[in-house]
Structure formats: structure tokens, C-alpha cells
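Colleague: Okay, sequence plus prediction incoming.
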Amino acid sequence: MSETILSMKDITKRYPGVVALNKVSVDFHKGEVHALLGENGAGKSTLIKVLSGAIENDEGSIDIDGCTYEKMTPKISRSHGIEVIYQEYNLINSLTVAENICLGAKSKGLVDYKEMEQITNDIFKPYNINIHPKTLVRDLSPAHQQLVEIAKAISKNAKIIVMDEPTAQLTVSEVENLYDIIRTLQKKNVTIIYISHRMEELFTITDRVTIMRDGQYVTTVKTDETDRKSLISLMVGRELTETYPGRDCIKDEIVLEVKNLTGYKNEDVSFKLKKGEILGFSGLIGAGRTELMRAVFGADKKHSGQIFIKGKNVDIKSPKIAIMNGIGLIPEDRKWQGCFLNMTIEWNIAITNIRKLSRRFVVNDARVKAQAEEYVNKLNIKTPSILQKAGNLSGGNQQKVVLAKVLAGDSDIIIFDEPTRGIDVGARHEIYLLMSELVKQGRSIIMISSDMEELLGMSDRIIVLREGKVSGELAREEFSQNQILELASLE
Amino acid sequence: METTKVQSFIRNNVLVFILIGICALFSILSPNFLSVTNLLNVATQNAYLIIASIGVSLVMISGGTDLSIGQLISVVAICTGAALEWMQLPLPIVLLFGLTVGVLLGLFNGFVANLLNIHPMIVTLATMTMFQGISFLISGSKAIYDLDASFKYIGQGYVGPIPVPVIIVIVIAVIVDFVAKKTYFGRFIYAAGGNPEAARLAGVSVKTIKLAVFAICGFLGAVASIVMVARAGSANSTMGPGTEFNAITACVLGGISFIGGEGRVKGVVVGVLILGVLSNGMQLVGLGIYVQYVVKGLILLLSIGYDTYQKQAKVKKVVTTKTA
């Protein structure tokens, strides 16, 4: 079982001014699920890119199948059966599942669609994947797209599959499904290198965990010989209490009431939000949580229903009206819906409340600057300067910029759509603290989350959606993972 | 630290240096090039193009583009000429009329783009043909000659030693640059072009911005048209068409991104001047118009190539620091 299939030795990668990897050595065994754990910027992605040949290492070597390489190239990496499944899938949306899987495979002359379907079905079968080969990729859910990616890797006889945050876009039941596939792969002696920020997953699925910190290799431990606390302290290099900040600040006042809202994905949804409350929204992907909040925020049209803000009926026809009425939305897809990547941090933070920072039409640059500096300090955004472009920041810091942007809008009701997706443990904790701080100040939060732990830890109350409708509501005392799953899953 | 400052200064002002370089080259090649008269002549000749390009650049920054600007100029030219000569209206009314026509045509572009929710490039491709028809319908393919001297002053007059069109260009460039860079309306234009969905979620009414930007573009197109007609002293329907491609070329050369959300007005001015100086210089040196086309095309490719190369180098750096 513990035969080494791949070993990376003393891998060093330098960039001007920073050592991204500093003499990192890791061995991977045949047929194991091996987690890479570390905060954002620890060097996991760089290591994977060295392995896949996407970037060249400066020093060190890679042993695989008895060959030693000073440097990998994408071609060599592939020829040894290394396949990487990135967070952003590499599929062609306008082609069918079968076409995607057979893409790049050599064929004789003309394309044989029947054969392609056959090949696809043959790959799917042992893994119990039920997707019709003729479906267009763009019509698939993210979970199914991921399965196609995995199938693509399998079709190339992958011996080592790297999965970068594979569960980031999956719901609980889909994660279970992924685990099954990983276990089947494992039985076929495929090695899985698994990158994830979610602790519980590591303990469910992985055999060993390698911890990295600041471009350095820290250690490798067997998963069943460790616990989350020691993993976290190894990762951040300090003791960190992964507890959720407690608070007691709910007032009786209802700040937001949604009555019988029907939108293009939701039907007859009603709920109330109290002052100082964190209201969690749970449900499977496709249950209509994001769509509900977009409708409340005026980003999508609603067919019927009323919204009351502090008892006043408000017709929210556009995000502009929502913002004017004190609602802020931190969207799920930060990069595309939240950030202006080619603009500076300063510019990004000021866009929501720029009218307030102006006299007549003219922007007061000093106030824009002061505001940006205030939030960069307050939210601990790591950047050399507020004039840095948002596109140059890491995911966690981009998230904080979006957060700052919404906070600067001075909203009383803040909707967080997946507040910590793709964010490392340290930054995650900071965001939790901030959310607590916000409700203590008398603001109210709606939080959509697919991270069960976060949902249970942070919410005061949880509403579960199923197929666009409210399927249940749980008060803090009634919180249980099973209950939520039951309410969320289809009959 | 000092060297990087110098480097970034050079990088931020590459176009200005290219312009100076081209000027230097032609001053050596032709003794007539570097004279106040010739340089003012270049500026006056290109005044209408600078004004129109500034209009188009705003549309491009907001994420669209305007292919109809040339035909819009043509319609305004005929309308102005007709009001002046055929209807004998007083000058202020004529100017107001011309500008209103420009704004209305621009608003029409923006309105259709918003209503049908299609890309402005397609909308203006269609309206370009429409405007051409309108222009010829009004003019009946006839030219309008002998425009009033007070009107011609706008294109041919001088204030002290400086031609009136140059003054108009400076005033417009300064105002528009200020609006784009210093007002929140300007920020919203960049927001709408840089990331329309994020802009909408940040409370920016992207549709209003689009409409406003097209109205401004129509207004500036009308100003360009008036300057052009006043300079020529006559109006006909073939004046204007072709401006759209020169304007877009100048914008792209001046650093306005085709995707939107990037670029500055001063870049556009320098972009037009580079093209203008090239034409003028090559003419003085004795190179024919066809050689000029080839050289202009090459310059455009080179400048965009350099820009893209730089951005990719930057992106690479970003990616690497990100994964670090």
C-alpha cells in the first residue's frame, strides 16, 4: 500500500522579492488520498503548478515512475498520468459531455459520435455517474461538470489526480457522491492529491495530510493520528481557537420582512429578519437561495410579493433602491459580481458610496483615500498599497475588498452569499468576528452558506429552502445537521 | 526606487514619447515640418477628429462602441447647413439645432441598445446605415455652399494666433477629462464598462450611464460636425463617413480598451495627434497616401502589440505573486 509513486525533492521556486516554495519535499504513495493543507499563500498551488509543468521550479527534482526530472513540462507530466482538476473547470461549455471527454484523443479521420458515447458510458459506469453523454456541458450543474472533469482525467488513464478545492461548489449530498468516486479511484490504485480548506473533509476522506506554511514544508501526518486542533496550529503556526464568536444582541424589532415572494426560481417565500440577528439560509445548490436574495436585493425581477423594510413597504426594483434603503449584498461570485479587477482597491471600496464622498459631482479624493485606508486597516486587507489593483490580490483579500465596499455603503441589512468560500482559516475567523461585530452594532445579517459548520456556528436561526420554497425553519436550540439535511433534500 | 519611478513614468507616457519621437524624426527629414504654422495646421485639421474620438472613447470606456459617429456627423452637417442656408435661421439657433440633432441621434443609439439589450456595436452598425439614409434624404445628394461668414469663423477663425477649432478641442478635452476622472459620474462610466454586473450590484444604473454616454457622444459628434463644416465652408452628405474608423483607431492607439473600463481622454488626444502628425510628416517627405495607410496600420499593430505584451507580462507577475 505505501509504495511511493511520486516524490518531489527540495523544490524551490523564487519570484522577485518572494520565495514561493522553499526546499519543499513531499512523497506521495500509490492509491492514497493525500491532502495539501495550508493558508492561502502557503504555496500549495505553486507546488501543484510545478508538478503539472505549468511553472518551472528553480531548484529541486521530481521522481516519478523511476524517472527523475529537474523540471516538469505539461507534456511530461501528462505522460506520467498526472491530471489536475482546477477550481475553474477546463471544459468547453458549448460541446457535449462526450465531446469534452474525448477531446484531444486521437481518432482516425472522421469523428465517430457513437463511439464517443460508448467510451463515455464505459468510463461513467464503474463510478455510477448518471449523465447522458449528449448533454451540453453548459446545461450541467457545477457538480456534474466536476464529474465530467474527473471522467476526463480517468479517460486519460490518470494515475495521480490533483483536486483543487473540489467541494467548493458542491452541496452536502454531492460531496458524499464525490467521496464515493474518490474511494473507487483509490481502489484502482489512483493517487489523489486533495486540496481543501474544509477540515471535516480531510478527516472523512484523506489518508495523510501534508501541511505547508509560507512556502515551507511543515510536516506530513497520518490523518487518523491527528486532530483538527493540531492541524490548525500546524497550519497557522499558532494556536487558533476555531470557535465561533458568541453574542447576544437580538432585538425584537423586525428590520426586514419578505411576504409571499415569487421569483423565477422561488415560490411564495416569506420570512422575517430581526435587528441584530444572523439569519442563515441552507439548502442544496439549485434550491434558490442566491436567486431569492438577488430578488430581495432587486438584482433579479420578482413576479409577486412584498418587501417591508422597518415596517415600510418598499418596491425594490433595482439594487440602487435596495442600497438606498440600507440593504447590502456580498455576492457569491466575487470575481465577476463583486470586484472591479482592473481598478485600485481605493476605487473599489468607494464605488458604493461615492455620491456621499462627493460634493456636487466632484469626488473628494482625500475622503476616498481616507475611507480606503480605514477599511484596509479594519479588515486587515494585505496589500502593499491602496493603489494596488484589486485583480492583483489573493481571493481572501478580494473578498475583504468586496466586504469593505458593501460596508462603506453603510447598510443596516447585509446579505452574505457564501461569506467564506475559498478563504483560509485565519481570514475566515476574521470574517466571523466582523460579522459578530456588525450585529452587535445593531445591523442584521442574512447568510447563505453551504458550509454546515459555519451555518450552525454563526446563525441565530436557520431557514431551509427546497426547490425554491421554504421547507423549514430552525431556532438555535433545534439546530442539527441531520434535521437540516432532511429538510433540504428532495423527497 | 528612483529608477522604477522613471520607468513607470516612461511606461505611463509611452504615447507622448512616441509622438515626440515621430515629430523629431520628421523635423530632421523635412525642414518645413517643425514650424508653428505647420503644427497648428495639423492640430486644426484634426480638431474634428479629436472631438469625435473623445465622444467615441467615452462610449468605449462604458463597454460599448459607436460605429455610427461618421454618419451622425453627416446628418448634423446637412441639418446645420440646411438650417443656415435654406431656412436662413440665425446662427445661435442653427448651432442649437445641430447640437440637438446630435444628442437625439446619440440618445436613439443608447435607447435602442438598452431596450433590445444588444451590444452597442451591433446597434450602431444598424443605425449607421439608417443615418446615412437620413442624411441623403435631407440633402437630396446636393451640397450646400457659401455658408455664412459668422458660421465659418468657428472653423476658420483665430483668437490671437490660435485657431478657433484648437481652442474648442482644448476646452472639450479638459472638461471631458475632468468629468471622466474627477466626478462620480465618470467613475460610473468606468464601472459600467469594467464590470457591468458588479456595477449594477453596487447601485450604479448601468442603463442610465449608457444612455448618458451615447448622448454625450452624439453631442460631441455634432460639435465635430459643426467644426468640420465651418472649416470646409460647405456641407454635403459625404462629410463624416469614415470618421468612425479613424476615431476607433485613435482610441485604441490612445489606450482605450475594446472591452471597456480602461483608458484616458488625454490618451485619445495623443492618439489622434500621432496619426495626424504621421500623415502630415509623410506628406511633407513626399510619401503617397497608400504608403501612409500601410504605415498607420503598422503603427496601430505595434502599439497594441506592445500594450498587450505589457499586460500579459503584468498578468504573469500577478499570477505568480498570487500563487506564492
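Modeller: Done, it's in. Numbering: from 1, shown residues only, chains lettered A, B, ... in the order given.
Colleague: just the strands in the stretch 1-150 of chain A please.
Modeller: A:4-15, A:18-29, A:33-37, A:59-64, A:67-69, A:82-85 (DSSP state E, counting those that start in this stretch).
Colleague: Any idea how far the second one is from the middle of the chain?
Modeller: Shown here is strand A:18-29, whose average C-alpha point lies 24 Å from the average C-alpha point of the whole chain (Cα atoms, centre = their mean, to the nearest Å).
Colleague: Which positions in the stretch 51-200 of chain A make contact with chain B?
Modeller: Taking Cβ under 8 Å from any Cβ of the partner chain as the contact definition, the stretch 51-200 of chain A meets chain B at A:I55. Every residue, glycine included, has its C-beta placed from N, CA and C.
Colleague: ok so, going back, could you single out the most deeply buried of the strands of the stretch 1-150 of chain A?
Modeller: strand A:33-37 (a mean of 24; mean count of other Cβ atoms under 10 Å in any protein chain shown).
Colleague: Quickly find the element holding the closest residue to A:S282 other than its chain neighbours.
Modeller: Nearest residue to A:S282 in three dimensions, chain neighbours excluded: A:V464, at 4.8 Å (Cβ to Cβ, 6 or more residues apart in numbering or on different chains). Per DSSP states H and E, A:V464 falls inside strand A:461-466.
Colleague: The helix or strand following that strand pairs with which strands, parallel or anti?
Modeller: For strand A:461-466, the succeeding helix or strand toward the C-terminus, using DSSP H and E, is strand A:469-475. Partners of strand A:469-475 in the sheet, by DSSP bridges, are strand A:461-466 (antiparallel).
Colleague: Could you list the residues in contact with the strand it pairs with?
Modeller: Applying Cβ atoms under 8 Å, 6 or more residues apart in numbering or on different chains, the contact partners of strand A:461-466 are A:266, A:269, A:271, A:277, A:279-284, A:287-289, A:292, A:455-456, A:470-476, A:479, A:484, A:487-490.
Colleague: what about the strands in the stretch 151-300 of chain B?
Modeller: B:158-159, B:162-163.
Colleague: can you redo those as a markdown table with distance to A:I64?
Modeller: Formatted as a markdown table, those follow (distance: least, Cβ to Cβ, whole Å):
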| stretch | distance to A:I64 |
| --- | --- |
| strand B:158-159 | 77 |
| strand B:162-163 | 73 |
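Colleague: any idea which of those is most buried?
Modeller: Using mean count of other Cβ under 10 Å, strand B:162-163 ranks as the most buried of these, with a mean of 17.
Colleague: from the middle of its chain, how far away would that strand be?
Modeller: 20 Å.
Colleague: Residue of the stretch 51-200 of chain A nearest chain B, please.
Modeller: Residue of the stretch 51-200 of chain A nearest chain B, by Cβ to the nearest Cβ: A:I55 (7.4 Å).
Colleague: Tell me, how many residues neighbour that residue?
Modeller: Burial of A:I55 is recorded as 22 neighbouring residues (other Cβ atoms under 10 Å in any protein chain shown).
Colleague: Distance of it relative to A:D214?
Modeller: From A:I55 across to A:D214, the span is 18 Å (Cβ to Cβ, to the nearest Å).
Colleague: cool, and A:I150?
Modeller: Counting by Cβ to Cβ, the gap from A:I150 to A:D214 is 31 Å.
Colleague: Look at those two and report which has more neighbours.
Modeller: Shown here are A:I150 and A:D214; by other Cβ under 10 Å, A:I150 has more neighbours (23 against 16).
Colleague: What's the separation between the more buried one and A:D63?
Modeller: Distance from A:I150 to A:D63, by Cβ to Cβ: 26 Å.
Colleague: and what of B:V6?
Modeller: Distance, B:V6 to A:D63, using Cβ to Cβ: 47 Å.
Colleague: Check A:N157 too.
Modeller: From A:N157 to A:D63 the distance is 20 Å (Cβ to Cβ).
Colleague: Which of the contacts of strand A:461-466 are buried, as a PyMOL select command?
Modeller: Buried members of the contacts of strand A:461-466, defined by 16 or more other Cβ atoms under 10 Å in any protein chain shown, are picked up in PyMOL with:
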select buried, chain A and resi 266+269+271+277+279+280+281+282+283+284+287+288+289+292+455+456+470+471+472+474+479+484+487+488+489
